[in-house]
Structures are given as structure tokens and as C-alpha cells.
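Predicted model, plus sequence, below.
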Amino acid sequence: MDSIFFPGGKFLGIEWHVWKLVGWLGNVVFFSRFIVQWHATEKRKQVVVPQAFWWLSLSGSLLLLSYAFYRKDSVFIFANLFSWIPYIRNLIIHRRHKEAHTLCPVCEVNCPPQANFCASCGAALKAKTAGQTA
Ligand SMILES: [Zn+2]
């Protein structure tokens, strides 16, 4: 067993130090977005990109970018240098979309603000408040 996990006396054969930990943490965080997105899609049986996907993309790519700077690897730096732009943009759009829409209490799908029933599951959405007209 030692030869599998500790080849050459090093865990997974890797020379560990703080920056190696930052790089691997970036890999784990960035990869986890795939699992989060897949789970959300399977749950609703339609392609869904949850907000958590963009947070994981942003934090994972920033960790990888900091490791790339440590390594002074121009290819690796360029691959992660601009990816934060669409991630932040998508987080902003997610936030605006969430604010403008009504969340279905049953299936948690965002429905248009004027909808009385969920387009996905048909559940009645929250009653209109006094100030609103149908
Ligand atoms: Zn619903």
C-alpha cells in the first residue's frame, strides 16, 4: 500500500509545499463545478447552470492563476488570466435574473415575475401582494 500512495516516500509521489497545495486546491475546486452542474441538471432533468458553478469556476481559476504566477508559466497564466470576466458577468446576470423573477416553492425554477403558475411543475406561485395588479 505504501508503494501506491507514498511512492518514493512522498504522498502520491508529489513534492508537497504551500504552492503545490494552492495549485491542487484550485484543481479540486475547479473540477467540483462539473459535479455541481451535473447534479443540478440531473435533478431538474434539464440543462441547468447553477450560481454555485460560477463561484466554483471563479475561485478555482483564481487559485490556478496564482499557482501559474508562482510557476511563471506564460501558457498556464494566459489560460486563466481572463476567465474571471465571463464568470463574474454570469454571476451578475444570475443575480439580476433572480431578483426579477419568482422562485417556484416546489421545484425551485425561476419563473417570470407576472406568472401565477410555475412553467416547469405547474405549482401555484405566491399570491400577488396588494399593490400589484394581474
Ligand atoms: Zn415549479
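All right, it came through fine.

Get me the contact residues on this protein for the ion.
Contacts of the chain with the ion, taken as CB under 5 Å from the ion, map to 104, 106-107, 109, 118, 120-121, 123. From N, CA and C alone the C-beta is placed, and that goes for glycine too.

The residue most central in space within the chain: what secondary structure?
In the chain, the centroid-proximal residue (CA atoms, centre = their mean) is Phe53; its distance is 1.4 Å. The three-state label given to Phe53 by DSSP: H, G, I helix; E, B strand; the rest coil is helix.

ok, now which ones touch it?
33, 36-37, 40 (CB atoms under 8 Å, 6 or more residues apart in numbering).

Which members of the residues you listed occur in helices, if any?
Members of the contacts of Phe53 lying in helices (criterion: DSSP state H): 33, 36-37, 40.

so which of those residues is the most crowded?
Arg33 (22 neighbours; other CB atoms under 10 Å).

Is that residue in contact with Ser57, as I believe?
Yes: in this structure, Arg33 is within contact of Ser57 by CB atoms under 8 Å, at 5.3 Å.
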